[in-house]
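> Quick check, what structure comes out for this input:
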Amino acid sequence: DGLRRLRAEMDTVDMFALDKGQSPTDGPPTETIMPGIEVFTQTASSEPGDSVSQLLQTARGGEKERYSNQEEIARGGIGTIHQVTDGNIGRDVAMKVLRGEDPTGQKVIRFIEEAQVTGQLDHPNIVPVHEIGINADGHPFFTMKLVQGRSLQEILDGIRMGTTELISKYFLTELLNVFL
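Numbers count the residues shown, from 1 in each chain. Next comes the predicted model:
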């Protein structure tokens, strides 16, 4: 429903007039979002939350928190990982947040370096990083692709305990390929 309304709003933009550098003078207000790209920031609809300007404000991190539904799914030595919904694009992602009441400079540096190094790696068995930021509580975070399934630790523990399903599914060569 929201996507249908957005498409209807975007259909009202005269892209040809904008390409020619023309700007509506007596029409609705516009906003330049990038050089040469101007959009109408209001629509004829009077429904709350039904204007392009509110969408743009949300995309810029405006009125509401971008990430919602923060359910903790894992915990480590330096941070916690939450499953969250990215409100800008409507997908679930994993968010790692630095733990602690008052993170020290050294912890913050290590945390940011982890996000940057992980984000620079390109391997099928390394989760891609989407964004680094500071949450509403002032704690650093980074978001990454949400991966469902068993962890390598769970698989290895299951094999060690003799779980037939895992032993037949994960041969030694397949486990070694995780690292290659």
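> now stretch 127-144: mean pLDDT?
Here stretch 127-144 scores 90 as its mean pLDDT.
> start to end distance for it?
Chord length of stretch 127-144, first to last residue, is 7 Å (CA to CA, to the nearest Å).
> Show me which residues of that stretch are buried.
Buried residues in stretch 127-144, counting neighbours by 16 or more other CB atoms under 10 Å, are found at 127, 129, 130, 139, 140, 141, 142, 143, 144. Every C-beta, even on glycine, is put in place using the N, C-alpha and C of the backbone.
> closest to residue 109 among those residues?
For the buried residues of stretch 127-144, the closest approach to residue 109 (CB to CB) belongs to residue 140, at 9.8 Å.
> need the contact list for the closest one.
Residue 140 makes contact with 97, 98, 103, 108, 111, 112, 132, 133, 134 under the criterion CB atoms under 8 Å, 6 or more residues apart in numbering.
> same check, this time on residue 167
Contacts of residue 167 were listed using CB under 8 Å, 6+ apart, and they are residue 159.
> Kindly provide the distance from it to residue 139.
Distance of residue 167 to residue 139, computed by CB to CB, to the nearest Å: 41 Å.
> if we can go back for a sec, so which two of the buried residues of stretch 127-144 are the farthest from each other?
Spatially, the most separated pair among these is 127 and 139, at 20.1 Å (CB to CB).
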